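A.B. asks: Next comes the sequence, and after it the predicted model I'd like to discuss.
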Amino acid sequence: MKNIKDVKPKEIVTGVSGFYVHGDKHTFGYVELKQGSVVPKHNHIHEQITYIIKGQLDMIIDGQPYSLKEGMYHIIRSNMLHSAVAVTDCLVIDTFSPVREEYKNH
């Protein structure tokens, strides 16, 4: 067994750090977002599932607003535009398929 906090964090944008581990076909991320941090609108080939452990994360996904709170999740399809704002400090699980190669060896 390993502890996710033993993984070297990757800063995605200011105020957003992820601890990422990779299997053969997907990436698992434990992500900490500080209140007020912003993930700008972007897309990627990876299908993503975002699950909120703690806090409130407001997202725009494919042009639609979503206010995700503890226990909620959203599936973000491949190449779908999305962005996020941390309304509060947040803990989030993000999974990606296929593997986020650019998140390896950071």
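C.D. replies: Yep, it's here. Numbers count the residues shown, from 1 in each chain.
A.B. asks: The one residue sitting closest to the centre of the chain in helix, strand or coil?
C.D. replies: Central residue of the chain (CA atoms, centre = their mean): residue 94, 4.2 Å from the mean position. Three-state assignment for residue 94 (DSSP: H, G, I helix; E, B strand; the rest coil): strand.
A.B. asks: Run through the bridge partners of it.
C.D. replies: Legend: beta-bridge partners of residue 94 under DSSP bridges are residue 29, residue 50.
A.B. asks: and residue 1, what pLDDT?
C.D. replies: For residue 1, the pLDDT comes out at 79.
A.B. asks: Any figure for the gap between the closest residue to residue 5 other than its chain neighbours and residue 60?
C.D. replies: Among residues not flanking residue 5 along the chain, residue 19 sits closest, at 6.6 Å (CB to CB, 6 or more residues apart in numbering). C-beta: built from backbone N, CA, C; applies to glycine. Between residue 19 and residue 60 the computed distance is 25 Å (CB to CB, to the nearest Å).
A.B. asks: Comparing these two, which shows the higher neighbour count?
C.D. replies: residue 19 (17 against 14; other CB atoms under 10 Å).
A.B. asks: measure that one to residue 102 for me?
C.D. replies: 15 Å.
A.B. asks: Residue 41 touches residue 83, doesn't it?
C.D. replies: Yes - using CB atoms under 8 Å, residue 41 is in contact with residue 83, at 4.1 Å.
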